[in-house]
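> The following block contains a protein sequence and its predicted model.
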Amino acid sequence: MKKVITYGTYDLLHVGHINLLRRARELGDYLIVVLSSDEFNTLKHKTAYHSYEDRKTILEALRFVDEVIPEYTWEQKIADVVDNQVDIFVMGDDWEGQFDFLKEYCEVVYLPRTEGISTTKIKNDLNLAGKK
């Protein structure tokens, strides 16, 4: 079985998230999504609209997501890959090169982002709409 792993906050789930997760799953037989915990988001100075538990429930409902585990630190990636016997690490190409250190443990793939959509764009658009 070929295992794939990816990371993210996955707040305000949108078509860009769906495309990344679907393409990641197509690279293997089993997809693990490592989801930023609320505490880790605070450390990253990010605020998610949905709680960790709600984001986890949403991801688990997707047919191409096999498992969701929490992310607590930037440094846990090597242990996650090794402990879960991961074959492929996947991230969006906006992170190109940032995780090449994992090539010692697994294949690293950077997938193209979906143009014109991001959680930041959605939040900005909603803020602008609220000011009209």
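Structure received.

> Identify the residues contacting Lys44.
Residues near Lys44 by CB atoms under 8 Å, 6 or more residues apart in numbering: Ser36. C-betas here are computed from N, CA, C, even on glycine.

> In contact with the residue lying closest to Val4 once chain neighbours are set aside, which residues?
What sits nearest to Val4 in space, not counting adjacent residues and going by CB to CB, 6 or more residues apart in numbering, is Gly28, at 4.0 Å. With contact taken as CB under 8 Å, 6+ apart, Gly28 is in contact with 1-4, 87-88.

> Please tell me which one of the residues you listed counts the most neighbours.
Highest neighbour count within these: Val4, with 26 neighbours (other CB atoms under 10 Å).

> Give the buried residues for the helix or strand bottoming out on mean pLDDT in the chain.
Lowest on mean pLDDT, DSSP states H and E among the helices and strands of the chain sits helix 119-130, with a mean of 76. For helix 119-130, burial by neighbour count (16 or more other CB atoms under 10 Å) applies to Thr119.

> Give me the contact list for that helix.
Residues contacting helix 119-130 (CB under 8 Å, 6+ apart): 9, 11-12, 14.

> Adding distance to Asp38 and secondary structure, write those out as a markdown table.
Putting the contacts of helix 119-130 into a markdown table (distance: CB to CB, whole Å; DSSP: H, G, I helix; E, B strand; the rest coil) gives the following:
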| residue | distance to Asp38 | secondary structure |
| --- | --- | --- |
| Thr9 | 10 | coil |
| Asp11 | 11 | coil |
| Leu12 | 15 | coil |
| His14 | 20 | coil |
